[in-house]
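Asker: sequence and predicted structure, then a few things I'm wondering about:
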Amino acid sequence: MNWESLDWEVLDRLRESFLTGSAANGPYWHTLTDLECYNFTYGERIGWKWDAVLRELKLLGWTPCGEPVESAGGESRPTILDWGCGSGIAGRRVADFFGPGNFSRLLVHDHSALAMDFAEHHGRRIFPALTVERAGRVFLDSAEPIGVLVVSHVLNELDEAARAELRALAARARTILWVEPGTHDVSRALGGWRERLRGQFRAIAPCPHQATCGVLEPGNERHWCHFFAAPPAGVYADSGWVKFGQRAGIDLRSLPYSFLVLDQRRGTAGGPAGFSRILGEPRHYKGYAKIFNCDETGVSELMLQKRDAPEIFKALKYPDGPMIYRWTRNGDRITSAEPRSEG
Ligand SMILES: C[S@@+](CC[C@H](N)C(=O)[O-])C[C@H]1O[C@@H](n2cnc3c(N)ncnc32)[C@H](O)[C@@H]1O
């Protein structure tokens, strides 16, 4: 597929169903061309969000957990299950990033058989040495551990039965990698999943702590946990992407997302203590910046004076990764900052 062969009317119809919420009424993929067009545009943009999340995991030095091997007391290479796979972009990004050789297989599932066909076919083409197949009903209904459960951009399409199915799968997962749009409602819904899964899992990202989600505390209803990924260089100058942005009503510069990475690795407590994370984007004013801060005590608005930490002030203007710091504070005023070191 390329910009010339793209069927723009298919994209218009998909956009309509995403915007009106009719995507929640059942499978909406009519032909493989629908998936091809989606994969080339909407799917690719979702891939850029996954790239940001995976890059962050690399900075944290994190890798997916294996599956327990009871007899040997060790771990085997994990299975990836891409649930609600659509064109399969998310599962492929994950397999590619950590290396397909580090997984035992890539399973795809969707309530659309066409989507599974597409995802299976492309997975096999891209990873010829990896087993790529549909997750069978027996596997989906079993109690078998799931090494890596991948979920991407499905939350606002699920009814109660589908949420129950996902809850059961999540309970079997050793690792959950979940990326959603950065909208207020979806992000807060994802936060609700974090709260329900918190007892069973460690929060790896985006949370710099294991405590209750501060955004969901009473009084914070207008806030949401979200971040911005950077599209690849050159997108703005690409006439195909520019046309896509205009026709789909999408600002190409802004790639908001929310996400959740959980694992069940034993024996370690999560990341180092005492760190905070900036949610959304810092707001810069003359000589100072305001940030919306998340740490284990909750969320709050803080202020950083340029003169107190000029390097950090500058870094917040042009962030090139997750904004995670250990602050020294005087009330709501940050007086100095230590960035989280890598790995
Ligand atoms: C917006 S697409 C996202 C596809 C893909 N995960 C991605 O990130 O590009 C949502 C996908 O979820 C699937 N889906 C919606 N409800 C589902 C359900 N109850 N069970 C399985 N798949 C579902 C849809 O068929 C569609 O392929």
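Answerer: Sure thing, it's come through. Residues are numbered from 1 along each chain as shown.
Asker: got the confidence number for the closest residue to the ligand within the chain?
Answerer: In the chain, the residue found nearest to the ligand is G86; the distance is 2.4 Å by C-beta to the nearest ligand atom. Where C-beta positions appear, they are placed from N, C-alpha and C, glycine not excepted. Looking at G86, its pLDDT stands at 98.
Asker: check G343 too.
Answerer: Looking at G343, the pLDDT reads 57.
Asker: would you mind listing what in the protein touches the ligand?
Answerer: Listed as neighbours of the ligand in the chain under the rule C-beta under 6 Å from any ligand atom: 27, 43, 46, 84-87, 89-90, 110-112, 115, 152-154, 157-158, 162.
Asker: filter those residues down to the buried ones.
Answerer: Of all the residues of the chain next to the ligand considered here, the ones buried according to neighbour count by 16 or more other C-beta atoms under 10 Å are 43, 46, 84-87, 89-90, 110, 112, 115, 152-154, 157-158, 162.
Asker: could you pull out the helices for the protein?
Answerer: Listed from the start of the chain, the chain has helices (DSSP state H) covering 8-20, 32-40, 42-59, 89-98, 113-126, 137-141, 160-172, 184-197, 239-248, 310-317.
Asker: quick check: angle from the fifth one to helix 32-40?
Answerer: Just to be clear, that refers to helix 113-126. On the basis of axes from the mean of the first three to the mean of the last three C-alpha atoms, to 10 degrees, helix 113-126 is oriented at 60 degrees to helix 32-40.
Asker: make a markdown table out of the helices of the chain and add distance to V69.
Answerer: What follows is the helices of the chain, written out as a markdown table (distance: least, C-beta to C-beta, whole Å):
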| stretch | distance to V69 |
| --- | --- |
| helix 8-20 | 41 |
| helix 32-40 | 35 |
| helix 42-59 | 24 |
| helix 89-98 | 19 |
| helix 113-126 | 25 |
| helix 137-141 | 18 |
| helix 160-172 | 16 |
| helix 184-197 | 24 |
| helix 239-248 | 45 |
| helix 310-317 | 44 |
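Asker: out of the ones you listed, which one sits most buried?
Answerer: With neighbours taken as mean count of other C-beta atoms under 10 Å, the helices of the chain reach their highest mean count in helix 89-98, at a mean of 23.
Asker: any chance of the helices of the chain in TSV, plus mean pLDDT?
Answerer: Formatted as TSV, these follow (pLDDT from 0 to 100):
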stretch	mean pLDDT
helix 8-20	91
helix 32-40	97
helix 42-59	96
helix 89-98	98
helix 113-126	98
helix 137-141	96
helix 160-172	97
helix 184-197	98
helix 239-248	94
helix 310-317	92
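Asker: closest one to F259 among those helices?
Answerer: The minimum distance between F259 and these falls on helix 42-59, with 5.1 Å, by C-beta to C-beta.
Asker: ok, back up a step: which one of the helices of the chain lies nearest to Y257?
Answerer: Proximity to Y257, assessed across the helices of the chain by C-beta to C-beta, is greatest for helix 42-59 (4.2 Å).
Asker: for the closest one, packing partners?
Answerer: Based on contacts counted as 3 or more C-beta pairs under 8 Å, 6 or more residues apart in numbering; DSSP states H and E, the elements that helix 42-59 packs against are helix 89-98, strand 173-181, strand 202-205, strand 227-229, strand 255-263.
Asker: rerun that using 6 Å as the cut-off
Answerer: Applying 3 or more C-beta pairs under 6 Å, 6 or more residues apart in numbering; DSSP states H and E, one finds that helix 42-59 makes contact with helix 89-98, strand 173-181, strand 227-229, strand 255-263.
Asker: ok, the third one: who's next to it in the sheet?
Answerer: Think strand 227-229. Based on DSSP bridges, the pairing partners of strand 227-229 within the sheet are strand 255-263 (antiparallel).
Asker: rounded mean pLDDT for the strand it pairs with, please.
Answerer: Strand 255-263 shows an average pLDDT of 97 in the prediction.
Asker: near G280, how many other residues are there?
Answerer: A count of neighbours around G280, defined by other C-beta atoms under 10 Å, yields 16.
Asker: tell me the contacts of it?
Answerer: 226, 292 (C-beta atoms under 6 Å, 6 or more residues apart in numbering).
Asker: what do you get if the cut-off is 10 Å, keeping everything else the same?
Answerer: 182, 223-228, 256, 291-292, 323 (C-beta atoms under 10 Å, 6 or more residues apart in numbering).
Asker: identify the residue nearest the residue of the chain positioned farthest from its centre in space, chain neighbours excluded?
Answerer: Note on the chain: the largest separation between a C-alpha and the mean C-alpha position, by C-alpha atoms, centre = their mean, falls on R307 (35.0 Å). For R307, the nearest residue in space outside its immediate sequence neighbours is G287; the separation is 7.3 Å by C-beta to C-beta, 6 or more residues apart in numbering.
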